[in-house]
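Q: fold the stuff below for me.
(one chain, ligands or ions: 2)
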Amino acid sequence: MPDATHVVAIDQGTTSTRAMVFDRRGEVVAADQREHRQIFPRAGWVEHDPLEIWRNTRAVLGGALGKANLNAGHVAAVGITNQRETTVVWDRSTGQPIHNAIVWQDTRTQAICNELAGEEGPQRFAATTGLPLATYFAGPKIRWILDHVDGARDRAEAGQLLAGTVDTWLLWNLTGGAEDGGIHVTDVTNASRTLLMDLRTLTWDAAIAAEVGVPLRMLPEIRSSSEVYGTITPGTLAGVPVAGILGDQQAATFGQACLQPGMAKNTYGTGNFMLLNTGEEIVTSRHGLLTTVCYRLGEAKPVYALEGSIAVTGSLVQWLRDNLGIIRDAAEVETLAGTVEDNGGAYFVPAFSGLFAPHWRPDARGALVGLTRYVHKGHIARAALEATAFQTREVLDAMSRDVSGAGAEPFLTELKVDGGMVVNDTLMQFQADLLGVDVVRPKVAETTALGAAYAAGLAVGYWSSPSQVTANWGEDRRWSPRMDATERDRLYRQWCKAVTRTLDWVDADTR
Ligand SMILES: Nc1ncnc2c1ncn2[C@@H]1O[C@H](COP(=O)(O)OP(=O)(O)O)[C@@H](O)[C@H]1O
Ligand SMILES: O=P(O)(O)OC[C@H](O)CO
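A: Numbering: from 1, shown residues only. Ligands and ions are numbered 1, 2, ... in the order given. From the prediction side, this is the model:
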């Protein structure tokens with residue numbers, strides 16, 4: 001496309017869908033965003049409506065293009081980035097999902113995971129997939145849908161049903177869906193979150209898929225993160241190639257220009273996700289981190305990452321707003337936390353989906369501990385913000401031990417951050433204090449969408465080399481540690497004690 005001046009990214013996140021238009025310098029020209037419903041049918045269950053997500057995707061694409069005053073002819077390529085693990089199963093001939101999407105935070109597959117773990121334990125498939133058997137991942141979610149929707153398993157085995165993560169669902173619809181031969185493809189980063197992919201061969205592992213109970217024929221083809229997958233058929237962007245797909249945390253890693261081994265970023269959204277680029281090496285964690293594919297550009301060798309995934313960070317702020325009503329919007333948590341000097345002795349461990357990295361304890365549930373009559377809502381707001389920083393410290397400690405050995409100091413001299421929570425100055429300062437390293441926010445905070453835009457733009461020659469990603473990265477703000485080491489250690493020690501209070505909560509008959 002000779003006149004193509006821009007690249008568009010679709011960022012389909014846990015709480016909202018965004019479309020962003022980028023120029024060659026990697027700057028945002030226009031954006032549009034829509035939230036979708038969070039559906040909580042029971043304690044521990046979280047669903048999204050895949051059709052609502054598809055409608056919102058079309059709407060924000062039209063919205064962003066309109067705001068930028070561009071049309072399809074101006075767009076060199078579209079990249080997709082998405083909330084990972086969230087699973088959709090749909091009928092290939094009607095395009096209708098047979099169940100709501102089961103979201104990554106959902107814990108309903110615990111019994112399936114326990115059964116699969118058997119006597120070997122949750123690490124049973126870890127050597128192949130890089131992942132522990134946990135409710136977080138997509139494979140057992142597909143199995144649950146096939147077990148619970150009437151006739152689904154037979155239809156899946158007969159080739160009538162398709163499965164995929166959200167990237168796959170959107171790509172299939174963008175490229176024609178049921179009516180026009182939608183393309184059924186995923187990328188290596190999303191596939192590496194299913195518990196079904198072999199990290200070395202980058203193919204589905206037939207034996208594991210059979211054990212988990214997922215027919216191979218319903219799974220998408222696994223491709224690289226940066227190549228032309230197909231062309232958009234309906235709507236505003238008809239004719240434009242979709243040329244990049246990355247799970248959102250991998251996209252943020254790419255957008256933050258963490259392109260060399262040893263570089264890491266931490267994203268603060270619904271949950272928190274720290275990824276460390278380990279290059280071509282598949283590093284196995286001994287301290288509760290995941291091994292995942294970071295990206296693969298076309299035919300190049302895949303790049304891997306170690307990941308510390310935290311289920312609940314920004315969603316705790318939403319919970320204060322929606323479930324307790326002590327703030328009216330997310331930004332107000334900072335104002336409320338600012339009414340107190342410190343946490344007043346209160347620690348909030350938001351184990352709403354059990355605890356993810358580095359604990360992987362599905363039996364944990366949330367706890368607010370250290371309460372006295374002194375504690376008021378200001379302290380609770382403060383404790384909620386601190387919870388994000390404490391959980392990040394746990395993950396960075398695990399990463400430091402994996403990289404440098406036991407008792408290691410943080411292996412990073414600074415941490416690149418992004419995501420919806422990094423506008424919160426109180427949190428960022430406390431984070432730097434608690435880690436003892438600088439925390440750095442880039443000029444383009446929309447690193448997730450940017451990473452997907454780069455993957456797509458590189459595939460079609462809009463950008464010529466990943467070095468342009470590095471050249472475009474610029475620092476916006478830096479927070480340096482101010483707290484003395486004794487206070488840092490005291491706070492963290494109390495936090496670790498608070499975590500122990502959440503464990504062993506769920507029994508077989510807990511509702
Ligand atoms: N000023 C703020 N302080 C703390 N948390 C915030 C603030 N603004 C937004 N958030 C939190 O950030 C999250 C949204 O971040 P975002 O990166 O858009 O999430 P996602 O990609 O997971 O949908 C929400 O959970 C919200 O509660
Ligand atoms: O949608 P986000 O930004 O909360 O990211 C969710 C993660 O991809 C879940 O693994």
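
Q: and ligand 2, is the helix or strand where T81 lies touching that?
A: For T81, the host element (DSSP states H and E) is strand 75-82. No - using C-beta under 6 Å from any ligand atom, strand 75-82 never reaches ligand 2; the gap is at least 7.3 Å. (Each C-beta comes from the backbone N, C-alpha and C, glycine too.)

Q: and the helix or strand that that strand is followed by, what's buried?
A: Proceeding N to C from strand 75-82, the next assigned helix or strand is strand 87-91, under DSSP H and E. Within strand 87-91, the residues scored as buried using 16 or more other C-beta atoms under 10 Å are 87-90.

Q: now strand 87-91: average pLDDT?
A: Strand 87-91 shows a mean pLDDT of 98.

Q: any chance you could list what contacts that strand?
A: 50, 96-99, 101-102, 138, 141-142, 145-146, 149, 152, 155-156, 160-166, 168-169, 178, 218 (C-beta atoms under 8 Å, 6 or more residues apart in numbering).

Q: what about the least confident helix or strand in the chain by mean pLDDT, distance to the chain center?
A: Scoring the helices and strands of the chain by mean pLDDT, DSSP states H and E places helix 467-472 at the bottom, with a mean of 86. The chain centroid and the centroid of helix 467-472 are separated by 23 Å, computed with C-alpha atoms, centre = their mean, to the nearest Å.

Q: show me what it is packed up against.
A: Where contact means 3 or more C-beta pairs under 8 Å, 6 or more residues apart in numbering; DSSP states H and E, helix 467-472 is not packed against any helix or strand.

Q: just the residues contacting that helix, thanks.
A: 25-26, 254-255, 257, 259, 444, 454, 463.

Q: tell me the buried residues in it?
A: 468-469, 472.

Q: how much space is there between A19 and T313?
A: Using C-beta to C-beta, to the nearest Å, one gets 25 Å for the distance from A19 to T313.

Q: quick one: residues contacting R143.
A: Contacts of R143 by C-beta under 8 Å, 6+ apart are 109, 112, 212-214.

Q: which SS class is it?
A: Here R143 is recorded as helix under DSSP: H, G, I helix; E, B strand; the rest coil.

Q: give the contact list for the closest residue to ligand 1 within the chain.
A: Among all residues of the chain, G420 sits closest to ligand 1, at 2.0 Å; criterion: C-beta to the nearest ligand atom. The contact partners of G420, by C-beta under 8 Å, 6+ apart, come to 268-269, 314, 330.

Q: and T267, what does it touch?
A: 248-249, 252, 273-274, 417-419, 447-448.

Q: so where's the protein shaky on pLDDT?
A: 1-2, 405-410 (pLDDT under 70).

Q: in it, what residue sits furthest out from the centroid?
A: Distance from the C-alpha centroid of the chain peaks at R373, with 37.8 Å (C-alpha atoms, centre = their mean).

Q: which SSE is that residue in?
A: Using DSSP H and E, no helix or strand contains R373.

Q: burial count for the residue nearest to G139 when sequence neighbours are not counted?
A: In this structure, G139 finds its nearest non-sequential neighbour in L195, 4.0 Å apart by C-beta to C-beta, 6 or more residues apart in numbering. For L195, the count of nearby residues is 32 (other C-beta atoms under 10 Å).

Q: now swap in D425 and tell me
A: Other residues near D425 come to 12 when the count uses other C-beta under 10 Å.

Q: show me what contacts it?
A: 334, 479.

Q: right, and R511 touches A43 too?
A: Yes - using C-beta atoms under 8 Å, R511 makes contact with A43 at a distance of 6.7 Å.

Q: quick one: which of the two has more around it?
A: When R511 and A43 are compared on other C-beta under 10 Å, the one with more neighbours turns out to be A43, at 10 against 7.

Q: any idea how far the more buried one is from A387?
A: Taken as C-beta to C-beta, the span from A43 to A387 is 20 Å.
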